[in-house]
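Chemist: generate coordinates for the sequence data below:
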Amino acid sequence: MYDKVSCIFRDLEWMNVSSPLNLEQLKGKVVVLDFFTYCCINCLHILPDLAALENQFTIQDGVVVIGVHSAKFENEKISANILSAILRYNIDHPVMNDDEATLWNELMIQCWPTLVVLSPSGYILQFYVGEGHRKRLLEFVNVCTSFYRDKGLLSKHDIPLDLEKHKRDNFSLKFPGKICVSGKNIVVSDTGHNRVLVLSKDGVVQHCIGGKERGFKNGTFTQCRFDSPQGVVMKENVIYLADTENHAIRKIDLQKQEVTTIAGNGKQGNDKFGGGIGIEQELSSPWDLVIGPSPDGQTDSVLYIAMAGTHQIWVYFLIDVKWYKGKEYKQGSCVRFAGSGNEENRNNNYPEKAAFAQPSGLTLGNTPEGSFLFVADSESSTVRSVALKDGAVKHVVGGERDPMNLFAYGDKDGTGIDAKLQHPLGVAWVADSGSILVADSYNHKLKLVDISKKQCTTVWGSDGEVTLNEPGGLSVDSKQGLSYIADTNNHSIRILRIQDKVMSQLPVIFPSDTVDSLTIKLSDILKPGKEPEKNETISVAPGSEVKVNLLLSLPVGGHVNDEAPSKWTAVMQESSCDGAGNPIFSQTGTIQETSPQHLFSWKMPDLSSSGRLFLYLKAKVFYCDESKACKMKEKVFMQELNVESSGASKEMQFKFPV
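Modeler: Okay, here's the model as predicted:
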């Protein structure tokens, strides 16, 4: 095989290496070629399989994985966009840009993803088509390495790896995927950092939830972990999150400062029907979320889910609901709503007979014809609608009439199928005009679709002062006439003034007392020379719950300044500030005007050593007095706790007169 492709290898552009790999560098290696295109959800699903392979067999063991990027969309042929995908999806092996499908055609590859295993001398040993082959792949490579090692044909030599992730600057955001505006809050899925940020309208970070490393863990905002989170939607003090690569739906409670899992179990499932309760129900790459009504008229009762991995629309019931055809579901049930599970662009009056192709964006809209769920169906390059009254799936714009043709993409304004999109990922309802704003991601544009006319028009293109780069998410603030855009590959949040089409950038500001979600240290609270106000020591029982409340007293006629970040920060550790103990708990949150206000609750550990804990709490309040003069006051408290069997559950009160 190497004799056939030597010139192909030499002529293609390589990434994640300091120089193109040649045949001499690959001789003596079992090579696994991964033919992929970065838009493809099935290709993303096998990346953990390749990571498992690379963890079990190193380059020195004689195994090399090479990604062969063979694009579906024109936008994916551009090397800069492939580099962004390499960073976004944590690809740590060499990748070549097979932009004209030269190697693809030479090896007669038929679909994405396809794995090709080559012998140390370049002969084709095995093909694996599609996903779900991890066990067979690992077993086969293990047999190959044992066989060729015994023959003396494996080599331990290295290759010139030069990973892109080591060359990039740090950003406040890294590949933000989705965004949601709710009241005074902006919620951003900071996908590349595996965390969620809650911002003020000025871009000041109010909450930083999760850590930069990937994981699947519930707990406090500093303890919890996500994996490439995408869709976010907020209702009151609760955020629902599509934790995409964990194949789960997470619930973020801002009041309790707690993250829990409400559906999915961290492993990819293949169920295309559902009906399970909570974490018993397996999911597959949920990509976007929206909250809406049920057929029985209960508002905000259903969490609609774009299940990209199975090419369907699912629902999670927030309360007990009477569903279609009189079927009743209990709170916490999760079930298929529309889509057969086949990857097609098929419309049908019967939702279970319709088919989607990697639905990636959702929004709800009310029209004279009724309420609809609008879907950015990325792989068919269309926008589709699902009627909430009966689940009928209809075409809106993009694509073509043949349901099997998923290559009907382009960049063209027009009506219905005459309009062309390229892998749209986001949609947002614009209530004032009865239109949908579309993130036409691979065209790097925003387009507006008039629902009544099915007319699609570009509202922001590449000729503006700001050039978008694969925008992934949208949210519209109807009261302000603004659209907030997750400009994914530019690592930015943009704001579009819809009426006059003026674009600006939202800064993301981490205040000095806001700590990136990994660790809050005691030095972030205590200032040299300033002693905290000490409360009387209390005794608490191991395993009991401690509730922490703040008693805020404002001057007569005063109020908390909503335009400034009033925050609290807490650290719990096993020794006082003079000791060397490390924090065992840390948390931060926003101070409200209500008093008393519950800040957080914490379960006491069973300490085997000192039996003493110290809680440090810093409160900073920005407020305006009766004369409208705005001021700031900060205070630090310290509470000593003795953890002993004779103790009990406690409710701590910290008095803060300003």
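
Chemist: hey, let's count contacts and neighbours off CA atoms from now on
Modeler: OK.

Chemist: list the buried residues of the host helix or strand of residue 652.
Modeler: Assigned by DSSP states H and E, residue 652 falls within strand 650-657. Across strand 650-657, burial judged by 16 or more other C-alpha atoms under 10 Å covers 650, 652-656.

Chemist: quick one: which of the residues you listed is nearest residue 561?
Modeler: Nearest to residue 561 out of the buried residues of strand 650-657 is residue 656 (C-alpha to C-alpha; 16.1 Å).

Chemist: report the contact partners of residue 466.
Modeler: Taking C-alpha atoms under 8 Å, 6 or more residues apart in numbering, we find residue 466 in contact with residue 503.

Chemist: now do the SS call for it.
Modeler: Look at residue 466: counting by DSSP: H, G, I helix; E, B strand; the rest coil, its state is coil.

Chemist: now do it, the pLDDT please.
Modeler: Listed pLDDT for residue 466 reads 84.

Chemist: from the contact counts, what lies against the strand holding residue 652?
Modeler: Contacts defined by 3 or more C-alpha pairs under 8 Å, 6 or more residues apart in numbering; DSSP states H and E place strand 650-657 against strand 545-553.

Chemist: sheet partners, orientation included, of the strand it packs on?
Modeler: strand 597-603 (antiparallel), strand 650-657 (parallel) (DSSP bridges).

Chemist: can you give me the buried ones in stretch 475-484?
Modeler: Within stretch 475-484, the residues scored as buried using 16+ other C-alpha under 10 Å are 475-477, 482-484.

Chemist: picking up where we left off before, Throw the strands paired with strand 545-553 into TSV and include mean pLDDT and distance to residue 348, thanks.
Modeler: Listed next are these as TSV, based on pLDDT from 0 to 100; distance: least, C-alpha to C-alpha, whole Å:
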stretch	mean pLDDT	distance to residue 348
strand 597-603	78	49
strand 650-657	89	57
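
Chemist: thinking again about what came up before, who's in contact with the strand holding residue 652?
Modeler: Residues outside strand 650-657 that contact it (C-alpha under 8 Å, 6+ apart): 540, 545-554, 635, 637.

Chemist: any of the residues you listed buried? List them.
Modeler: Buried among the contacts of strand 650-657 by 16+ other C-alpha under 10 Å: 540, 545-554, 635, 637.

Chemist: pLDDT added to these, as a markdown table?
Modeler: Shown next, in a markdown table, are the buried ones among the contacts of strand 650-657 (pLDDT from 0 to 100):
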| residue | pLDDT |
| --- | --- |
| 540 | 86 |
| 545 | 74 |
| 546 | 82 |
| 547 | 85 |
| 548 | 90 |
| 549 | 92 |
| 550 | 93 |
| 551 | 94 |
| 552 | 92 |
| 553 | 91 |
| 554 | 89 |
| 635 | 92 |
| 637 | 94 |
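
Chemist: let me have those residues in TSV, extended by distance to residue 292.
Modeler: TSV is the format used below for the buried ones among the contacts of strand 650-657 (distance: C-alpha to C-alpha, whole Å):
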residue	distance to residue 292
540	43
545	35
546	36
547	33
548	34
549	34
550	35
551	36
552	36
553	38
554	38
635	42
637	43
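
Chemist: farthest pair in the residues you listed?
Modeler: Top of the distance list for the buried ones among the contacts of strand 650-657 (C-alpha to C-alpha): 540 and 554, 30.8 Å.

Chemist: farthest from the middle of the chain: give me that residue.
Modeler: residue 151 (46.4 Å; C-alpha atoms, centre = their mean).

Chemist: which residues does it contact?
Modeler: Residue 151 neighbours (C-alpha under 8 Å, 6+ apart): none.

Chemist: repeat for the one 10 residues further on
Modeler: The neighbourhood of residue 161, defined by C-alpha under 8 Å, 6+ apart, consists of 16-18, 93-94.
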